[in-house]
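>>> Need a 3D model of the following:
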Amino acid sequence: MVPGMAESGGKPEPEQVTMDAEGRHCVDLILAPGDIVLIRPQIERMDLALAADALLQSEFKVPKHRVRFLLVNTPRVRQVLRERGELWRISRPPTDPAEVERVVTNCRVAIREEALYFTTVPSRAPAG
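Purely as a prediction, here's the structure:
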């Protein structure tokens with residue numbers, strides 16, 4: 001149950017509705033080492049990912065070769081990039097042991113200077 005639904009008679013609170021509506025019009029941007037920007041698209045809204053890509057290049061002057069796409073095993077992402085002749089822009093998961101070690105090392109995050117936690121950069125579509 002969404003917090004606050006009980007108080008509003010089982011209906012979502014206005015803030016929750018707004019956040020859900022905004023979420024449908026967004027893509028995730030992840031800053032990766034080497035000044036790379038990774039776009040994690042919503043599969044059903046590839047138009048948003050392409051708009052974010054264009055905005056990064058035109059307004060924020062991020063070079064095209066530094067903007068990559070995640071969800072490498074999703075046919076829709078590959079199809080859209082193939083149609084644009086830009087399959088090179090798919091960010092592949094690391095395969096070389098040294099590269100894997102570098103990625104894991106860069107994923108360590110200290111929370112309030114205490115325990116270290118490992119974060120992940122999802123590059124695949126969620127299972128299920």
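>>> alpha carbons only for contacts and neighbour counts from here, please
Will do.
>>> Quick check: Ala51 vs Ser58, distance?
10 Å (CA to CA, to the nearest Å).
>>> buried stuff in the lengthiest helix in the chain?
Across the chain, the longest stretch assigned as helix under DSSP state H is helix 46-58. Neighbour counts over helix 46-58 (16 or more other CA atoms under 10 Å) mark 46, 48-50, 52-54, 56-57 as buried.
>>> can you map out the helices along this protein?
14-23, 46-58, 75-83, 97-106.
>>> Let's have those helices in TSV, adding distance to Arg68 and mean pLDDT.
As requested, these are arranged in TSV below (distance: least, CA to CA, whole Å; pLDDT from 0 to 100):
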stretch	distance to Arg68	mean pLDDT
helix 14-23	21	57
helix 46-58	9	95
helix 75-83	11	92
helix 97-106	16	80
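>>> now those helices in CSV, with distance to Ile39?
Below are these laid out as CSV (distance: least, CA to CA, whole Å):
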stretch, distance to Ile39
helix 14-23, 15
helix 46-58, 7
helix 75-83, 11
helix 97-106, 17
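>>> For Ile30, which of those is the nearest?
Of all those, helix 46-58 sits nearest to Ile30, with 12.1 Å by CA to CA.
>>> So which elements touch that closest one?
strand 36-40 (3 or more CA pairs under 8 Å, 6 or more residues apart in numbering; DSSP states H and E).
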